[in-house]
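S.K.: Make a model of this:
(one chain, ligands or ions: 3)
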Amino acid sequence: MAVSSAPGKVYLFGEHAVVYGEPAVPCAIEVRAQVGVEQRSDSKLRIHAEDLSLDGFTVEYGGTAGSPPDVDVSESLLTAAMGYVDVAIEHVRDVTGEEDVGFDVTIESDIPLGAGLGSSAAVVVAAIDAGTRELGTTLEIDELAERAYQTESAVQSGEASRADTFCSATGGAVRVEGDDCRTLDAPDLPIVVGFDGGAGDTGQLVAGVRSLREEYSFASDTVEAIGDIVRKGERALERGDIEELGRLMNFNHGLLGALGVSSRSLDSMVWAARNAGAHGAKLTGAGGGGCIVALDPSDETETALSYTPGCRDAFRAELAETGVRRLE
Ligand SMILES: Nc1ncnc2c1ncn2[C@@H]1O[C@H](COP(=O)(O)OP(=O)(O)OP(=O)(O)O)[C@@H](O)[C@H]1O
Ligand SMILES: C[C@@](O)(CCO)CC(=O)[O-]
Ligand SMILES: [Mg+2]
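M.R.: Ligands and ions are numbered 1, 2, ... in the order given. Next up is the predicted model:
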(Lines give C-alpha, C1' and ligand atoms only; values in the text may rest on other atoms or scores of the structure.)
(Ligands and ions follow the chains in the order given, each with its own letter.)
Protein backbone atom coordinates (compact mmCIF):
# COMPACT_ATOMS: atom_id res chain seq x y z
CA MET A 1 0.00 0.00 0.00
CA ALA A 2 1.16 3.57 -0.70
CA VAL A 3 0.00 6.41 1.54
CA SER A 4 0.24 10.15 0.81
CA SER A 5 -1.17 13.19 2.51
CA ALA A 6 -1.77 16.69 1.18
CA PRO A 7 -2.73 19.93 2.93
CA GLY A 8 -5.74 22.19 2.68
CA LYS A 9 -5.38 25.92 2.09
CA VAL A 10 -6.74 29.37 2.78
CA TYR A 11 -6.84 32.14 0.22
CA LEU A 12 -5.09 35.31 1.35
CA PHE A 13 -6.42 36.86 -1.87
CA GLY A 14 -7.95 36.21 -5.23
CA GLU A 15 -10.46 33.32 -5.17
CA HIS A 16 -13.07 33.49 -7.92
CA ALA A 17 -11.15 36.19 -9.82
CA VAL A 18 -8.45 33.55 -10.47
CA VAL A 19 -10.96 31.61 -12.58
CA TYR A 20 -10.92 34.57 -15.06
CA GLY A 21 -7.15 34.88 -15.33
CA GLU A 22 -6.45 37.24 -12.42
CA PRO A 23 -3.70 36.19 -10.00
CA ALA A 24 -4.46 34.60 -6.61
CA VAL A 25 -2.41 33.89 -3.49
CA PRO A 26 -3.47 30.79 -1.55
CA CYS A 27 -1.49 29.50 1.37
CA ALA A 28 -1.29 25.83 2.47
CA ILE A 29 -2.25 25.12 6.09
CA GLU A 30 -1.61 22.13 8.36
CA VAL A 31 -4.95 20.39 8.02
CA ARG A 32 -4.55 17.33 5.84
CA ALA A 33 -6.26 14.66 3.83
CA GLN A 34 -4.52 11.30 3.86
CA VAL A 35 -5.14 8.73 1.15
CA GLY A 36 -3.97 5.11 1.11
CA VAL A 37 -4.10 3.18 -2.17
CA GLU A 38 -3.61 -0.56 -2.49
CA GLN A 39 -3.66 -2.49 -5.74
CA ARG A 40 -6.29 -5.22 -6.01
CA SER A 41 -6.12 -8.49 -7.88
CA ASP A 42 -9.25 -7.55 -9.88
CA SER A 43 -10.13 -4.31 -11.68
CA LYS A 44 -12.68 -3.04 -9.12
CA LEU A 45 -12.48 0.18 -7.15
CA ARG A 46 -13.41 0.23 -3.50
CA ILE A 47 -13.43 3.57 -1.72
CA HIS A 48 -13.59 3.87 2.03
CA ALA A 49 -13.98 7.45 3.22
CA GLU A 50 -13.76 7.57 7.00
CA ASP A 51 -15.00 11.09 7.60
CA LEU A 52 -17.00 11.99 4.56
CA SER A 53 -19.87 14.09 5.89
CA LEU A 54 -22.33 15.50 3.44
CA ASP A 55 -24.94 18.06 4.44
CA GLY A 56 -24.62 17.10 8.07
CA PHE A 57 -24.67 13.32 7.87
CA THR A 58 -21.84 10.89 7.69
CA VAL A 59 -21.45 8.19 5.07
CA GLU A 60 -19.23 5.19 4.99
CA TYR A 61 -18.69 4.18 1.43
CA GLY A 62 -17.02 0.84 1.06
CA GLY A 63 -17.74 -2.67 2.17
CA THR A 64 -16.91 -5.61 -0.02
CA ALA A 65 -16.53 -4.86 -3.71
CA GLY A 66 -19.66 -5.41 -5.71
CA SER A 67 -21.93 -5.02 -2.69
CA PRO A 68 -23.98 -1.83 -2.41
CA PRO A 69 -22.34 0.95 -0.36
CA ASP A 70 -23.14 0.61 3.30
CA VAL A 71 -24.93 3.95 3.50
CA ASP A 72 -28.38 5.33 3.54
CA VAL A 73 -28.01 8.02 0.86
CA SER A 74 -29.09 8.25 -2.74
CA GLU A 75 -26.80 6.93 -5.45
CA SER A 76 -26.65 10.33 -7.15
CA LEU A 77 -25.33 11.90 -3.95
CA LEU A 78 -22.70 9.20 -3.61
CA THR A 79 -21.64 9.64 -7.23
CA ALA A 80 -21.27 13.38 -6.66
CA ALA A 81 -19.33 12.77 -3.47
CA MET A 82 -16.94 10.29 -5.00
CA GLY A 83 -16.54 12.09 -8.34
CA TYR A 84 -13.11 13.54 -7.53
CA VAL A 85 -11.68 10.19 -6.43
CA ASP A 86 -12.99 8.40 -9.52
CA VAL A 87 -11.34 10.90 -11.90
CA ALA A 88 -8.12 10.89 -9.82
CA ILE A 89 -7.95 7.10 -10.22
CA GLU A 90 -8.48 7.48 -13.97
CA HIS A 91 -5.35 9.69 -14.01
CA VAL A 92 -3.40 7.04 -12.10
CA ARG A 93 -4.41 4.47 -14.73
CA ASP A 94 -3.50 6.88 -17.51
CA VAL A 95 -0.04 7.83 -16.12
CA THR A 96 0.94 4.23 -15.52
CA GLY A 97 -0.69 2.80 -18.64
CA GLU A 98 -2.41 0.17 -16.46
CA GLU A 99 -5.95 0.67 -17.69
CA ASP A 100 -7.53 -2.30 -15.92
CA VAL A 101 -5.95 -2.10 -12.52
CA GLY A 102 -8.28 -2.04 -9.47
CA PHE A 103 -7.65 -0.39 -6.09
CA ASP A 104 -8.77 -0.19 -2.51
CA VAL A 105 -8.69 3.51 -1.61
CA THR A 106 -8.90 4.72 1.99
CA ILE A 107 -9.43 8.41 2.70
CA GLU A 108 -8.98 10.02 6.10
CA SER A 109 -9.38 13.77 6.10
CA ASP A 110 -9.37 16.52 8.71
CA ILE A 111 -10.53 19.06 6.15
CA PRO A 112 -14.24 19.97 6.25
CA LEU A 113 -15.98 19.42 2.92
CA GLY A 114 -17.02 22.32 0.74
CA ALA A 115 -15.92 24.82 3.39
CA GLY A 116 -13.29 26.74 1.43
CA LEU A 117 -10.26 24.89 2.80
CA GLY A 118 -9.63 22.97 -0.39
CA SER A 119 -10.68 19.46 0.67
CA SER A 120 -11.25 18.41 -2.94
CA ALA A 121 -7.77 19.47 -4.05
CA ALA A 122 -6.07 17.78 -1.07
CA VAL A 123 -7.93 14.49 -1.63
CA VAL A 124 -7.14 14.54 -5.36
CA VAL A 125 -3.43 15.38 -4.91
CA ALA A 126 -2.97 12.69 -2.25
CA ALA A 127 -4.95 10.09 -4.25
CA ILE A 128 -3.01 10.60 -7.50
CA ASP A 129 0.30 10.60 -5.65
CA ALA A 130 -0.40 7.45 -3.63
CA GLY A 131 -2.01 5.66 -6.61
CA THR A 132 0.90 6.26 -8.97
CA ARG A 133 3.47 5.33 -6.31
CA GLU A 134 1.54 2.12 -5.56
CA LEU A 135 2.24 1.18 -9.20
CA GLY A 136 5.90 2.18 -8.98
CA THR A 137 5.81 5.66 -10.56
CA THR A 138 6.77 8.74 -8.54
CA LEU A 139 5.51 11.90 -10.24
CA GLU A 140 7.36 15.20 -10.27
CA ILE A 141 5.44 17.75 -8.20
CA ASP A 142 4.60 19.84 -11.28
CA GLU A 143 3.06 16.89 -13.07
CA LEU A 144 1.19 15.84 -9.94
CA ALA A 145 -0.21 19.38 -9.63
CA GLU A 146 -1.19 19.44 -13.31
CA ARG A 147 -2.97 16.06 -13.15
CA ALA A 148 -4.77 17.16 -9.98
CA TYR A 149 -5.86 20.36 -11.73
CA GLN A 150 -7.18 18.36 -14.71
CA THR A 151 -9.18 16.28 -12.23
CA GLU A 152 -10.74 19.29 -10.47
CA SER A 153 -11.44 20.91 -13.78
CA ALA A 154 -13.22 17.81 -15.13
CA VAL A 155 -15.36 17.39 -12.02
CA GLN A 156 -16.18 21.12 -11.82
CA SER A 157 -17.18 21.20 -15.54
CA GLY A 158 -14.17 23.22 -16.60
CA GLU A 159 -14.71 25.83 -13.87
CA ALA A 160 -11.50 25.45 -11.89
CA SER A 161 -8.22 27.27 -11.53
CA ARG A 162 -4.84 25.70 -10.78
CA ALA A 163 -4.66 27.53 -7.45
CA ASP A 164 -5.97 24.93 -4.97
CA THR A 165 -4.27 21.93 -6.53
CA PHE A 166 -0.88 23.62 -7.06
CA CYS A 167 -0.92 24.97 -3.50
CA SER A 168 -1.82 21.58 -2.03
CA ALA A 169 0.86 19.78 -4.07
CA THR A 170 3.73 22.20 -3.33
CA GLY A 171 2.78 23.62 0.08
CA GLY A 172 3.69 27.09 1.37
CA ALA A 173 2.25 30.29 -0.07
CA VAL A 174 1.89 30.32 -3.84
CA ARG A 175 0.91 32.64 -6.65
CA VAL A 176 -1.20 31.37 -9.52
CA GLU A 177 -2.18 33.31 -12.62
CA GLY A 178 -3.59 31.18 -15.44
CA ASP A 179 -1.05 28.39 -15.97
CA ASP A 180 1.76 30.37 -14.34
CA CYS A 181 2.20 28.77 -10.91
CA ARG A 182 5.00 29.71 -8.50
CA THR A 183 5.90 29.46 -4.84
CA LEU A 184 6.35 32.63 -2.77
CA ASP A 185 8.57 33.42 0.21
CA ALA A 186 6.08 34.06 2.96
CA PRO A 187 6.65 35.19 6.52
CA ASP A 188 5.06 33.14 9.29
CA LEU A 189 1.52 34.48 9.26
CA PRO A 190 -0.79 34.56 12.31
CA ILE A 191 -3.67 32.78 10.59
CA VAL A 192 -6.96 32.19 12.40
CA VAL A 193 -9.78 30.22 10.76
CA GLY A 194 -13.47 30.46 11.67
CA PHE A 195 -15.84 27.73 10.45
CA ASP A 196 -19.64 28.10 10.43
CA GLY A 197 -20.24 24.35 10.11
CA GLY A 198 -21.70 24.83 6.64
CA ALA A 199 -20.60 24.42 3.06
CA GLY A 200 -21.00 26.06 -0.32
CA ASP A 201 -21.28 24.43 -3.72
CA THR A 202 -18.14 25.51 -5.58
CA GLY A 203 -19.61 24.84 -9.05
CA GLN A 204 -22.78 26.81 -8.37
CA LEU A 205 -20.96 29.75 -6.78
CA VAL A 206 -18.51 29.98 -9.69
CA ALA A 207 -21.44 29.84 -12.13
CA GLY A 208 -23.16 32.67 -10.21
CA VAL A 209 -20.12 34.93 -10.56
CA ARG A 210 -19.87 34.03 -14.24
CA SER A 211 -23.43 35.12 -14.95
CA LEU A 212 -22.99 38.38 -13.01
CA ARG A 213 -19.90 39.11 -15.11
CA GLU A 214 -21.86 38.45 -18.28
CA GLU A 215 -24.72 40.67 -17.21
CA TYR A 216 -22.93 43.67 -15.68
CA SER A 217 -19.71 45.29 -16.83
CA PHE A 218 -19.17 46.50 -13.26
CA ALA A 219 -19.09 42.86 -12.12
CA SER A 220 -16.19 42.32 -14.58
CA ASP A 221 -14.60 45.47 -13.17
CA THR A 222 -15.00 44.00 -9.68
CA VAL A 223 -13.13 40.85 -10.76
CA GLU A 224 -10.34 43.03 -12.20
CA ALA A 225 -10.23 45.10 -9.01
CA ILE A 226 -9.67 41.87 -7.05
CA GLY A 227 -6.68 41.26 -9.37
CA ASP A 228 -5.33 44.72 -8.39
CA ILE A 229 -5.69 43.82 -4.71
CA VAL A 230 -3.77 40.59 -5.26
CA ARG A 231 -0.89 42.42 -7.00
CA LYS A 232 -0.64 44.86 -4.06
CA GLY A 233 -1.05 41.97 -1.62
CA GLU A 234 1.90 40.07 -3.05
CA ARG A 235 4.16 43.03 -2.43
CA ALA A 236 2.85 43.41 1.13
CA LEU A 237 3.53 39.70 1.69
CA GLU A 238 7.11 40.09 0.44
CA ARG A 239 7.67 42.98 2.86
CA GLY A 240 5.96 41.07 5.70
CA ASP A 241 3.63 44.07 6.12
CA ILE A 242 0.80 42.42 8.07
CA GLU A 243 -1.24 45.58 8.54
CA GLU A 244 -1.38 46.20 4.80
CA LEU A 245 -2.18 42.50 4.19
CA GLY A 246 -5.11 42.84 6.60
CA ARG A 247 -6.46 46.00 4.94
CA LEU A 248 -6.28 44.34 1.53
CA MET A 249 -8.01 41.20 2.83
CA ASN A 250 -10.85 43.38 4.15
CA PHE A 251 -11.17 45.06 0.75
CA ASN A 252 -11.10 41.67 -0.99
CA HIS A 253 -13.92 40.38 1.24
CA GLY A 254 -16.06 43.40 0.38
CA LEU A 255 -15.67 42.72 -3.35
CA LEU A 256 -16.45 39.00 -2.88
CA GLY A 257 -19.61 40.10 -1.07
CA ALA A 258 -20.49 42.30 -4.05
CA LEU A 259 -20.09 39.24 -6.28
CA GLY A 260 -22.67 37.44 -4.16
CA VAL A 261 -20.51 34.72 -2.64
CA SER A 262 -20.55 35.72 1.04
CA SER A 263 -23.26 34.78 3.52
CA ARG A 264 -24.70 36.04 6.79
CA SER A 265 -22.59 33.68 8.92
CA LEU A 266 -19.39 34.39 6.96
CA ASP A 267 -20.04 38.13 7.34
CA SER A 268 -20.69 37.80 11.09
CA MET A 269 -17.45 35.87 11.57
CA VAL A 270 -15.56 38.46 9.51
CA TRP A 271 -16.99 41.28 11.65
CA ALA A 272 -16.33 39.40 14.90
CA ALA A 273 -12.68 39.05 13.86
CA ARG A 274 -12.36 42.69 12.86
CA ASN A 275 -14.00 43.88 16.09
CA ALA A 276 -11.61 41.68 18.07
CA GLY A 277 -8.69 43.56 16.53
CA ALA A 278 -7.66 41.24 13.68
CA HIS A 279 -5.55 43.01 11.04
CA GLY A 280 -8.06 41.82 8.47
CA ALA A 281 -10.56 39.07 7.71
CA LYS A 282 -12.24 37.60 4.65
CA LEU A 283 -14.05 34.52 3.47
CA THR A 284 -11.83 31.87 1.94
CA GLY A 285 -12.51 29.64 -1.07
CA ALA A 286 -15.74 29.48 -2.97
CA GLY A 287 -17.87 30.98 -0.18
CA GLY A 288 -21.60 30.57 0.37
CA GLY A 289 -20.79 29.12 3.81
CA GLY A 290 -17.79 27.48 5.39
CA CYS A 291 -14.69 29.31 6.54
CA ILE A 292 -13.20 32.74 7.01
CA VAL A 293 -9.52 33.54 7.43
CA ALA A 294 -8.25 36.31 9.72
CA LEU A 295 -4.80 37.57 10.65
CA ASP A 296 -4.28 38.10 14.37
CA PRO A 297 -1.14 37.34 16.39
CA SER A 298 -3.11 37.64 19.65
CA ASP A 299 -5.76 35.21 21.00
CA GLU A 300 -8.53 37.80 20.71
CA THR A 301 -9.95 36.74 17.35
CA GLU A 302 -10.07 33.05 18.22
CA THR A 303 -11.83 33.86 21.50
CA ALA A 304 -14.28 36.29 19.89
CA LEU A 305 -15.11 33.77 17.15
CA SER A 306 -15.78 31.03 19.68
CA TYR A 307 -18.54 33.25 21.16
CA THR A 308 -19.95 34.32 17.79
CA PRO A 309 -23.36 32.88 16.94
CA GLY A 310 -23.01 31.01 13.68
CA CYS A 311 -19.36 30.06 14.30
CA ARG A 312 -18.98 26.36 15.03
CA ASP A 313 -15.23 26.14 15.35
CA ALA A 314 -12.29 28.55 15.49
CA PHE A 315 -8.67 27.53 15.32
CA ARG A 316 -5.18 28.82 14.63
CA ALA A 317 -3.70 27.37 11.45
CA GLU A 318 0.00 26.87 10.85
CA LEU A 319 1.40 27.37 7.38
CA ALA A 320 2.10 23.95 5.80
CA GLU A 321 5.65 24.25 4.42
CA THR A 322 5.42 20.81 2.79
CA GLY A 323 2.74 20.03 0.24
CA VAL A 324 2.29 16.38 -0.61
CA ARG A 325 3.86 14.09 1.98
CA ARG A 326 4.87 10.55 1.02
CA LEU A 327 4.24 8.48 4.11
CA GLU A 328 4.45 4.85 3.00
N1 LIG B 1 -12.74 13.09 3.03
C2 LIG B 1 -13.20 13.01 1.77
N3 LIG B 1 -13.54 11.83 1.24
C4 LIG B 1 -14.02 11.75 -0.02
N5 LIG B 1 -14.23 12.83 -0.83
C6 LIG B 1 -13.91 14.02 -0.35
C7 LIG B 1 -13.38 14.19 0.97
N8 LIG B 1 -13.16 15.51 1.16
C9 LIG B 1 -13.56 16.13 0.00
N10 LIG B 1 -14.00 15.25 -0.89
C11 LIG B 1 -14.56 15.57 -2.22
O12 LIG B 1 -14.48 16.98 -2.41
C13 LIG B 1 -15.81 17.55 -2.52
C14 LIG B 1 -15.83 18.96 -1.93
O15 LIG B 1 -15.13 19.82 -2.81
P16 LIG B 1 -15.47 21.36 -3.03
O17 LIG B 1 -14.55 21.89 -4.05
O18 LIG B 1 -16.94 21.55 -3.23
O19 LIG B 1 -15.15 21.99 -1.62
P20 LIG B 1 -13.73 22.27 -0.94
O21 LIG B 1 -12.64 21.80 -1.84
O22 LIG B 1 -13.76 21.71 0.43
O23 LIG B 1 -13.74 23.84 -0.81
P24 LIG B 1 -13.11 24.97 -1.80
O25 LIG B 1 -12.98 24.35 -3.16
O26 LIG B 1 -14.10 26.09 -1.73
O27 LIG B 1 -11.82 25.31 -1.17
C28 LIG B 1 -16.70 16.57 -1.82
O29 LIG B 1 -18.04 16.65 -2.28
C30 LIG B 1 -16.04 15.23 -2.19
O31 LIG B 1 -16.39 14.85 -3.51
C1 LIG C 1 -13.74 29.71 -6.26
C2 LIG C 1 -12.35 29.17 -6.63
O3 LIG C 1 -11.57 30.26 -7.10
C4 LIG C 1 -11.62 28.64 -5.39
C5 LIG C 1 -12.25 27.49 -4.67
O6 LIG C 1 -11.40 27.08 -3.60
C7 LIG C 1 -12.50 28.13 -7.70
C8 LIG C 1 -11.18 27.74 -8.33
O9 LIG C 1 -10.22 28.52 -8.30
O10 LIG C 1 -11.12 26.63 -8.89
MG1 LIG D 1 -12.52 22.42 -3.90
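
S.K.: which regions of the stretch 1-150 of the chain lie under the pLDDT threshold?
M.R.: Along the stretch 1-150 of the chain, the parts satisfying pLDDT under 70 run over 51-81.

S.K.: 50 instead, please
M.R.: Applying pLDDT under 50 to the stretch 1-150 of the chain flags the ranges 55-67.

S.K.: Regarding the residue of it found nearest ligand 2, what is its secondary structure?
M.R.: Per Cβ to the nearest ligand atom, residue 15 is where the stretch 1-150 of the chain lies closest to ligand 2, at 3.9 Å. (Each C-beta comes from the backbone N, C-alpha and C, glycine too.) Three-state call for residue 15 (DSSP: H, G, I helix; E, B strand; the rest coil): coil.

S.K.: give me phi/psi at the residue of the stretch 201-328 of the chain found nearest ligand 1?
M.R.: Proximity of the stretch 201-328 of the chain to ligand 1 (Cβ to the nearest ligand atom) peaks at residue 285, 3.0 Å away. Phi and psi for residue 285, reported as degrees, to the nearest 10, are phi 90, psi -150.

S.K.: residue contacts, it?
M.R.: Residue 285 is in contact with 10-11, 15, 115-118, 200, 202, 291, counting by Cβ atoms under 8 Å, 6 or more residues apart in numbering.

S.K.: how about 10 Å then?
M.R.: Contacts for residue 285 (Cβ atoms under 10 Å, 6 or more residues apart in numbering) come out as 8-11, 15-16, 26, 114-120, 163-164, 199-200, 202, 205, 261, 291-293.

S.K.: Which pLDDT value goes with it?
M.R.: If you check residue 285, the pLDDT there is 96.

S.K.: quick one: it from ligand 2, how far?
M.R.: 4 Å (Cβ to the nearest ligand atom, to the nearest Å).

S.K.: One more: residue 311?
M.R.: 20 Å.

S.K.: number of nearby residues for that residue?
M.R.: Using other Cβ atoms under 10 Å, residue 311 is surrounded by 22 other residues.

S.K.: Now do the SS call for the closest residue to residue 92 other than its chain neighbours.
M.R.: Closest residue in space to residue 92, ignoring its immediate chain neighbours: residue 131 at 3.4 Å, by Cβ to Cβ, 6 or more residues apart in numbering. Secondary structure for residue 131, judged by three-state DSSP, is helix.
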